[in-house]
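>>> heads up, no residue letters with this:
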């Protein structure tokens, strides 16, 4: 964010009750990136907005139920007690406060202006605030542009953005619900929200006002440091609010609900800071489908970020992407409780003193046995089987418990019940509470278990039995590992019991699917790899190939040379322009050969009928050449025939927000039909490349099927790393690079064809 100046000394009020401070005083997530990193400063205007000491309410009203009346009531409830200036020429006084005819009549410039006025008045009122030197504003209205019905709304959003930007104002909205800064004690909303606001460790930034209210009013008792409905983000992006949230020592979880990437560099800075501080980031996005993108654009006035962008960001920074709001709520609640599985060897860890990311112990250092999965305890055989099926589908592993744990379980279970994981412990015993407690405790003590779930429906018990809740609470007191209640049907959960458990520090996950997914996020967070430094740029190699690309569209032999310069094996290829030249090239390479058109402008040779495979002798080559030359032109490539293997597609695509991305997917004809791909933000190292490969549906083919030998996956990973290097060094020169197919077999990975599109 250019043009920023250092923020003034913070004037934040003491933390609200219920917001613990897990990091040392004076330390925040941004500072944890290390002494060599400049995390930047947030705009003083944004600080003025979120910690406003003076607030003007334009459109204030005393009419019951109106936006103007609610603005006054909500800001007046702020524990920070800012100076409040209602503005409306129709009133002299509102709610005991002097009401001013205009912003121009206020006795001081203000930190924050809330606009509860029609869209037709927005441009004039914001201009007045900007001229006065007011620091920030919230625009609740949609700022709709309907020039046919209201000519003065033409280009309204651009005018509002220009006015605020030119004045250095922070601007929330348009089309938003405002924000609540629970840690500071400020309510800047125009809708009735809980009082007091739920305090806790979650910071939530959402483009959607509906999500803002739904999560703020949730019966789950999620507590917040900051919650912002950022709307259209005409000026101030979601990442700016998130960066402020990370500056609060009380923030331990960051939730993002986003339709588009705005200020991608700042967003990456925020995600890097959260990763370094071991603060989980839970992300829900909208607009991955063509229909979804169209709806998002219509709603917010901004193009939605392509799903590839979100996938790449999530992979680069360990962000937890969720697919719906049920999964988001369960995941936020699980992370907010604060219990985490122990990090496995080779993953990012955080020191207790600072939270700074540190590498795992070196090879050979003694480490405790890594927890490998979850354990669940059930009171229903069918629900136990259903949970196992669903966990398998979702990729949530069950821990392989030890013989010692099985013996402990056998000692407390009724006869005939199997000591296993998942565990069905229901035998109709009158000692169920004790059996539950001891079963949960035994599983939690097993070194292979990362988290334990009491998987019951948590129904309202009409006989008053509280065995489930009491057992969960007792077991939780005997372990530091995450212990949750995993309910099957949200509508059947007893609200009073759920509240009691949550206040005892036990998350209640409200459906089997979303709860298992939340547990998977918990395991993934503990197992996320430590971020490594990017490899050095080879300046000489970069400069050479940049000059080559600058000379024009590269032909096939030039592209193969480029790939080989970065360590990617390619089939031998010789250009030819006559039948004799083709025959000479084949004699040098050796039969069988492949003949391809090399005429410029034919990007996809197979689609144009420009590839002839399996040419075994000169006569067949002469006939094939004659056919290609007559249809497409005389220029061809005579290529070595690659060995058998699985066909992948590997390359680079350029994202408008993030720049070059590395793409790996199913290759050959499958690239069009299977839509099987993984995307990463460079740099990509070998372990990350293998993880990308593992996400593909065609990955199973590489292991060898029907007696075929397995492919050399290390060679495939090396090719992905090499393409990552091309993306970093030549990304400014290339719009796209496509290696398709990359044939992957036991002898390695070989590029058979390539296409490059210059920027």
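Received the coordinates, thanks. All values reported here derive from a predicted model rather than from experimental measurement.
>>> who does the lengthiest helix in the chain touch, helix- and strand-wise?
Longest helix in the chain by number of residues (criterion: DSSP state H): helix 713-730. When contacts are defined as 3 or more Cβ pairs under 8 Å, 6 or more residues apart in numbering; DSSP states H and E, helix 713-730 packs onto helix 539-550, strand 646-655, strand 659-666, helix 686-694, strand 734-745, strand 748-751. Every residue, glycine included, has its C-beta placed from N, CA and C.
>>> can you give me the strands for the stretch 1-150 of the chain?
Taking DSSP state E, counting those that start in this stretch as the test, the strands found in the stretch 1-150 of the chain are 54-58, 83-87, 93-94, 97-98, 112-115, 136-139.
>>> could I get those as TSV with mean pLDDT, distance to residue 512 and mean neighbour count?
Conversion of those to TSV gives the following (pLDDT from 0 to 100; distance: least, Cβ to Cβ, whole Å; neighbours: other Cβ atoms under 10 Å):
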stretch	mean pLDDT	distance to residue 512	mean neighbour count
strand 54-58	98	45	25
strand 83-87	98	48	22
strand 93-94	96	50	16
strand 97-98	97	51	14
strand 112-115	98	43	30
strand 136-139	98	40	29
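>>> before we move on, back to that, same question for the longest helix of the chain, mean pLDDT?
Helix 713-730 comes out with an average pLDDT of 96.
>>> do the same with stretch 484-501
For stretch 484-501, mean pLDDT is 94.
>>> so can I have JSON lines of the strands of the stretch 1-150 of the chain showing distance to residue 146?
As requested, the strands of the stretch 1-150 of the chain are arranged in JSON lines below (distance: least, Cβ to Cβ, whole Å):
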{"stretch": "strand 54-58", "distance to residue 146": "22"}
{"stretch": "strand 83-87", "distance to residue 146": "26"}
{"stretch": "strand 93-94", "distance to residue 146": "31"}
{"stretch": "strand 97-98", "distance to residue 146": "34"}
{"stretch": "strand 112-115", "distance to residue 146": "18"}
{"stretch": "strand 136-139", "distance to residue 146": "17"}
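>>> pretty sure residue 187 is in a strand, no?
Yes. Applying DSSP: H, G, I helix; E, B strand; the rest coil, one finds residue 187 inside a strand.
>>> quick check: angle from the longest helix of the chain to strand 646-655?
Comparing the axes of helix 713-730 and strand 646-655 via axes from the mean of the first three to the mean of the last three Cα atoms, to 10 degrees yields an angle of 20 degrees.
>>> got any ranges where this protein has weak pLDDT?
The model of the chain has pLDDT under 70 over residues 1-42, 287-306, 343-370, 428, 669-675.
>>> In stretch 495-510, which residues are buried?
By neighbour count on 16 or more other Cβ atoms under 10 Å, the buried set for stretch 495-510 is 497-498, 500-502, 506-510.
>>> Stretch 559-579 too?
Within stretch 559-579, the residues scored as buried using 16+ other Cβ under 10 Å are 559-560, 562-563, 566, 568-571, 573-576, 579.
>>> Same question for stretch 218-234.
Residues 220, 222-234 are the ones in stretch 218-234 that count as buried (16+ other Cβ under 10 Å).
>>> same question, stretch 434-449
Residues 435-449 are the ones in stretch 434-449 that count as buried (16+ other Cβ under 10 Å).
>>> what's next to it, contact-wise?
368-369, 371-375, 377, 399-402, 404-405, 408-409, 412-414, 421, 423, 425, 429, 452, 454, 467-468, 470-472, 474-475, 478-479, 481, 483 (Cβ atoms under 8 Å, 6 or more residues apart in numbering).
>>> one step back: farthest pair in the buried residues of stretch 434-449?
By the measure Cβ to Cβ, 435 and 447 form the most distant pair in the buried residues of stretch 434-449, at 22.5 Å.
>>> what about the residue lying farthest from the centre of the chain, which helix or strand?
Each residue of the chain has a distance to the centre, and by Cα atoms, centre = their mean the biggest one is for residue 619: 56.7 Å. In the assignment (DSSP states H and E), residue 619 maps to helix 618-631.
>>> Mind giving me the packing neighbours of that helix?
Identification of packing neighbours for helix 618-631 by 3+ Cβ pairs under 8 Å, 6+ apart yields helix 579-589, strand 593-597, strand 611-615, strand 636-640.
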